[in-house]
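**Student:** Quick one: sequence plus predicted model below, questions after.
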Number of protein chains: 2
Amino acid sequence: MDIAERFETNPIVRPADVPPSGDGMAVECVLNPGAFRWQGRTGLLMRVAERPVQRDGVVIGAERDGSAAGGIRRVEFDASDPRLDTSDPRFIVHGGRTYLSTLSHLRLAWSGDGVCFEPVDEPTLVGSGPLERYGIEDCRVTEIDGTFYLTYTQVSAAGTGVGLAVTRDWRRFDRRGTILPPANKDCAIFDRKIGGEFVCLHRPTGVALGGSHIWLARSKDLIHWGRHECVAQTRPGRWDELRIGAGAAPIRTEHGWLAIYHGADGDQRYGLGAMLLDLDSPARVLARGEEPIMEPVADYEREGFFGNVVFTSGHVVDGDQLTIYYGAADEAICGARLSIRRILQTLGR
Amino acid sequence: MDIAERFETNPIVRPADVPPSGDGMAVECVLNPGAFRWQGRTGLLMRVAERPVQRDGVVIGAERDGSAAGGIRRVEFDASDPRLDTSDPRFIVHGGRTYLSTLSHLRLAWSGDGVCFEPVDEPTLVGSGPLERYGIEDCRVTEIDGTFYLTYTQVSAAGTGVGLAVTRDWRRFDRRGTILPPANKDCAIFDRKIGGEFVCLHRPTGVALGGSHIWLARSKDLIHWGRHECVAQTRPGRWDELRIGAGAAPIRTEHGWLAIYHGADGDQRYGLGAMLLDLDSPARVLARGEEPIMEPVADYEREGFFGNVVFTSGHVVDGDQLTIYYGAADEAICGARLSIRRILQTLGR
């Protein structure tokens, strides 16, 4: 089942629309934006994935390094080196060490109508410090009382965790460090306190025991988090059997918090699903859809950097209309409109 | 190098010394205690690993379940089932699902001299709630201003995280929930604030990127944690190449915080090492020993439930003397004395 009405102009931001961050870099993918409204416009905080311009016979990766020219250090491998494994397009594995094939930063794009976006020319936020040497990715944006809280994936050889940045004007950003240690990503903060504390959904990954499930945590100050609970798990044999993770901030409805989430099956095919969380006890799942509400069916979702993916980390709500911004095939940004009432119907409400 | 003076009476607590928690259960291992001083005595909060008494042709596991008789639900498998894998003594794997072979609880033992311990007859703390269905393990104890903070591993099918319990009298315990989500363990809280915040070492495990490294976090209330930093990583080709994790609370010295940690090599041989952390910026490693300060060399450390293991989560300090309580071969509890001055010498101090 797919109840999404895709934009006719999809993809709305493509790699070619985004200038690279510097000489010698090429934009491979633009994907998985955070979304928000500000001063009458719609903003996307996009993930821009770049890699060094490649040369024949060489595989070139890159990492952030404040001591290197331009802040980026190149890592080169002989393409014929038998210790080199590039079978997964997202990774460069060499002699037991894993690098990313691309280096991501976050960049704003603005729109007056929510459909036609203009990316800014320069990176908005780039990786900083030892825990972001492999870049920053997949930002969620939550507005609370006029302040925007940005939760994004920090990537380094030390692992993949969640960082927090705060802004009020989209010019100055305060970095608040790592709020969730590895292995964690897909952190979405609710847009108001529940029971006197801030709440987020997040996605730790278990080792030996556990999996890639959705958890919830609570905080008094948005920087320190505790009282973790497991909210929802992957479902064996289903479309969300391999891993699940939250989209953007859950949407408050009279029936409960509506959470849009991504799920992947054993073939790494990513779709979007919905679940409903109790208004007062949001770790309690009231309903969860049997089927995805959106699947990779369009050409631009089936073919690309990493095919068969629809993945969201940003949406905006206008009455009954939910506009989901999403990464298609890990390569370009698309949009789709859904009726919140219709989603709730699929959940039996 | 091994600079530990082992107790002549090792092991000081064996499985046979501990009565099982109920009919039909057998104590397989007693290991990895937290250690503390209270009212002139030394206390150990031991991990007691039990399993149901086995029958021929059947492999029987157990999990905590409040709705089952006695609070424990048995899980039985035909020993000849080809989907059953018990090759690792710590796990029962069946059809892609992983159970633990033993179910652990925490139990006190008391001593007047720190050498001869008397275990209490009943469990002190048992797993409670959905995140502790597979038990609770490996407790660290930190005293701050007369209150004892217990950080222990919570185990369930949802993963392995860190729980916090608090006591002032060793009778009543307040559970404060999950302070660090999966995959995490080996959490040791420092015994005083640093820079106005509480601090802990912990051990998340990365997936795809990262490894089993030691991290640090900060907290205002010991329940909510943030500002995570990676302190120390495994060292390829060394005795601590596979995973590392903190022992008990780091020891304040004039040279820095002395942290005892465990490391495992590629053969899962566990030894203990030392590192020195900056007094004011404890995420900064001032020195780290090249070699372990203690290795599994005694018979009772080399042979047992899981051989070639010395693992500590508890110690007490008396002047220059550090008494380390440790699990030997994952089966019994032992003790050893080390000179703090001598450990610091191995770190070049």
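**Tutor:** Here it is on my side, so go on. Numbering: from 1, shown residues only, chains lettered A, B, ... in the order given.
**Student:** Next, the contact list for the residue in the stretch 51-200 of chain A positioned nearest to chain B, please.
**Tutor:** In the stretch 51-200 of chain A, no residue comes nearer to chain B than A:Gly159, which is 2.5 Å away by CB to the nearest CB. C-beta here means a position set from N, CA and C on the backbone, and glycine is covered the same way. Contacts of A:Gly159 were listed using CB atoms under 8 Å, 6 or more residues apart in numbering or on different chains, and they are A:Pro181, A:Pro182, A:Ala183, B:Pro204, B:Gly206, B:Val207, B:Leu209, B:Gly210, B:Gly211, B:His213, B:Cys230.
**Student:** Which ones among those lie within strands?
**Tutor:** With DSSP state E as the criterion, strands contain B:Pro204, B:Gly206, B:Val207, B:Leu209, B:Gly210, B:Gly211, B:Cys230 from among the contacts of A:Gly159.
**Student:** of all these, which comes closest to chain A?
**Tutor:** The nearest member of those to chain A, counting by CB to the nearest CB, is B:Gly210 at 2.5 Å.
**Student:** doesn't A:Pro181 make contact with that closest one?
**Tutor:** No: B:Gly210 is beyond contact range of A:Pro181, at 9.2 Å (criterion: CB atoms under 8 Å).
**Student:** Could you name every residue contacting both of those two?
**Tutor:** Between them, B:Gly210 and A:Pro181 have A:Gly159, B:Pro204 as joint contacts when contacts are counted by CB under 8 Å, 6+ apart.
**Student:** Pick out whichever of those two has more residues nearby.
**Tutor:** Taking other CB atoms under 10 Å in any protein chain shown, B:Gly210 and A:Pro181 do not tie; A:Pro181 has more neighbours (33 against 24).
**Student:** So what touches the helix or strand of chain A with the lowest mean pLDDT?
**Tutor:** The helix or strand of chain A with the poorest confidence is strand A:97-100; it has a mean of 89 (mean pLDDT, DSSP states H and E). Outside strand A:97-100, the residues that touch it by CB under 8 Å, 6+ apart are A:61, A:63, A:75, A:90-93, A:134-135, A:155, A:157, B:208-209.
**Student:** now do 7 Å
**Tutor:** The list of residues contacting strand A:97-100 from outside it, by CB atoms under 7 Å, 6 or more residues apart in numbering or on different chains, reads A:Gly61, A:Val75, A:Arg90, A:Phe91, A:Ile92, A:Tyr134, A:Gly135, A:Val155, B:Ala208, B:Leu209.
**Student:** And the one residue sitting closest to the centre of chain A, how close does it get to B:Pro181?
**Tutor:** With distances taken as CA atoms, centre = their mean, A:Asp138 lies nearest the centre of chain A, 2.9 Å away. As defined by CB to CB, to the nearest Å, A:Asp138 lies at a distance of 18 Å from B:Pro181.
**Student:** Ok, A:Ala16 next?
**Tutor:** The spacing between A:Ala16 and B:Pro181, counted by CB to CB, is 39 Å.
**Student:** How about A:Asn184?
**Tutor:** Distance, A:Asn184 to B:Pro181, using CB to CB: 7 Å.
**Student:** Which one of the contacts of strand A:97-100 is nearest to B:Arg168?
**Tutor:** B:Leu209 (41.5 Å; CB to CB).
**Student:** beta partners for the closest one?
**Tutor:** For B:Leu209, the residues forming beta bridges with it (DSSP bridges) are B:Val207.
**Student:** returning to what we had before: possible to save the contacts of strand A:97-100 as JSON lines with neighbour count, pLDDT and distance to B:Ile189?
**Tutor:** JSON lines is the format used below for these (neighbours: other CB atoms under 10 Å in any protein chain shown; pLDDT from 0 to 100; distance: CB to CB, whole Å):
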{"residue": "A:Gly61", "neighbour count": "21", "pLDDT": "94", "distance to B:Ile189": "38"}
{"residue": "A:Val75", "neighbour count": "14", "pLDDT": "92", "distance to B:Ile189": "38"}
{"residue": "A:Arg90", "neighbour count": "14", "pLDDT": "86", "distance to B:Ile189": "37"}
{"residue": "A:Phe91", "neighbour count": "17", "pLDDT": "91", "distance to B:Ile189": "36"}
{"residue": "A:Ile92", "neighbour count": "21", "pLDDT": "94", "distance to B:Ile189": "38"}
{"residue": "A:Tyr134", "neighbour count": "26", "pLDDT": "97", "distance to B:Ile189": "30"}
{"residue": "A:Gly135", "neighbour count": "26", "pLDDT": "98", "distance to B:Ile189": "32"}
{"residue": "A:Val155", "neighbour count": "29", "pLDDT": "98", "distance to B:Ile189": "28"}
{"residue": "B:Ala208", "neighbour count": "16", "pLDDT": "85", "distance to B:Ile189": "29"}
{"residue": "B:Leu209", "neighbour count": "19", "pLDDT": "92", "distance to B:Ile189": "27"}
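**Student:** Now do the longest strand out of those in chain A: which elements does it pack against?
**Tutor:** Ranked by residue count and defined by DSSP E, the top strand of chain A is strand A:25-38. Judged by 3 or more CB pairs under 7 Å, 6 or more residues apart in numbering or on different chains; DSSP states H and E, strand A:25-38 is in contact with strand A:41-52, strand A:136-144, strand A:310-318, strand A:321-328, strand A:332-339.
**Student:** Alpha carbons of stretch A:24-32, as CSV, please.
**Tutor:** Coordinates of each C-alpha in stretch A:24-32 appear next as CSV, following Å, rounded to 0.1, in the frame of the first residue of the first chain:
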residue,chain,number,x,y,z
GLY,A,24,38.3,18.8,-6.1
MET,A,25,35.1,17.6,-4.5
ALA,A,26,32.1,16.3,-6.3
VAL,A,27,28.5,16.1,-4.9
GLU,A,28,27.4,12.5,-5.3
CYS,A,29,24.1,12.6,-3.3
VAL,A,30,21.8,15.1,-1.7
LEU,A,31,19.4,13.3,0.6
ASN,A,32,17.6,12.9,4.0
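**Student:** Contacts for it next, please.
**Tutor:** With CB under 7 Å, 6+ apart, stretch A:24-32 has contacts from A:13-15, A:18, A:20, A:46-53, A:102, A:138, A:305, A:311, A:313, A:327, A:330-333.
**Student:** If we use 8 Å, what do you get?
**Tutor:** Counting contacts by CB under 8 Å, 6+ apart, the residues outside stretch A:24-32 that touch it are A:13-20, A:46-53, A:62, A:72, A:102, A:119, A:137-139, A:304-305, A:311-314, A:326-328, A:330-333.
**Student:** How far away from the center of its chain is that stretch?
**Tutor:** Relative to its parent chain, stretch A:24-32 has a centroid offset of 15 Å by CA atoms, centre = their mean, to the nearest Å.
**Student:** and what of stretch A:314-331?
**Tutor:** Going by CA atoms, centre = their mean, where stretch A:314-331 is centred and where its chain is centred differ by 12 Å.
**Student:** Which parts of chain A are helices?
**Tutor:** With DSSP state H as the criterion, chain A has helices at A:299-302, A:340-346.
**Student:** pretty sure A:Ala109 is touching A:Val13, no?
**Tutor:** Yes: under the criterion of CB under 8 Å, A:Ala109 is in contact with A:Val13, at a separation of 6.0 Å.
**Student:** anything in contact with each of the two?
**Tutor:** A:Leu44, A:Met46, A:Phe117, A:Pro119.
**Student:** surely the second one meets A:His105?
**Tutor:** No: with contact defined as CB under 8 Å, A:Met46 does not count as touching A:His105 (9.3 Å).
**Student:** Give me the more crowded residue out of these two.
**Tutor:** More neighbours sit around A:Met46 than around the other of A:Met46 and A:His105, counting by other CB under 10 Å; the figures are 31 against 21.
**Student:** Report the contact partners of A:Arg218.
**Tutor:** With CB under 8 Å, 6+ apart as the criterion, the residues that contact A:Arg218 are A:Gly195, A:Glu197, A:Phe198, A:Val199, A:Trp225, A:Gly226, A:Arg227, B:His224.
**Student:** what pairs with it across the strands?
**Tutor:** Legend: beta-bridge partners of A:Arg218 under DSSP bridges are A:Val199, A:Gly226.
**Student:** Buried residues, stretch A:252-262. List them.
**Tutor:** Buried residues in stretch A:252-262, counting neighbours by 16 or more other CB atoms under 10 Å in any protein chain shown, are found at A:Thr253, A:His255, A:Gly256, A:Trp257, A:Leu258, A:Ala259, A:Ile260, A:Tyr261, A:His262.
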